[in-house]
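Chemist: All I have is the shape, not the residue letters:
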């Protein structure tokens, strides 16, 4: 499967979710065990990203690290974890 086909599949899946998703009225109350579970999912995606990078499957690696970042950002936006993404370092030319 080409990278373009893979991207199209992910986009199609996301489109379906957005069409079917409903926002609930209940407030989010997440206990620390659930937060740790999501962190472990993020860590697993991170490890997958490193594994696939070593196997030169860069598109799978990119997808895995993007999932990892998405989970971490969601946790941060909910205020359940604290961190800051590293700032871009200027390259010396």
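Modeler: In hand now; what should we look at? Quick caveat, the model's predicted, so the values are computed rather than measured.
Chemist: Go ahead and flag the most central residue of this structure.
Modeler: Residue closest to the mean C-alpha point of the chain, counted by CA atoms, centre = their mean, is residue 67 at 2.1 Å.
Chemist: count of residues packed around the closest residue to that one other than its chain neighbours?
Modeler: For residue 67, the nearest residue in space outside its immediate sequence neighbours is residue 45; the separation is 4.4 Å by CB to CB, 6 or more residues apart in numbering. Placement of C-beta: from N, CA and C, glycine included. Neighbours of residue 45 under the rule other CB atoms under 10 Å: 19.
Chemist: With residue 63 instead?
Modeler: If you count neighbours by other CB under 10 Å, residue 63 ends up with 19.
Chemist: For it, give its distance to residue 29.
Modeler: Distance, residue 63 to residue 29, by CB to CB, to the nearest Å: 30 Å.
Chemist: got it, and residue 73?
Modeler: In terms of CB to CB, residue 73 sits 20 Å off from residue 29.
Chemist: So the two - more neighbours on which side?
Modeler: residue 73 (14 against 6).
Chemist: same question for the lengthiest helix in the chain, mean pLDDT?
Modeler: Using DSSP state H, we find that the single longest helix of the chain is helix 32-54. The pLDDT scores in helix 32-54 average 93.
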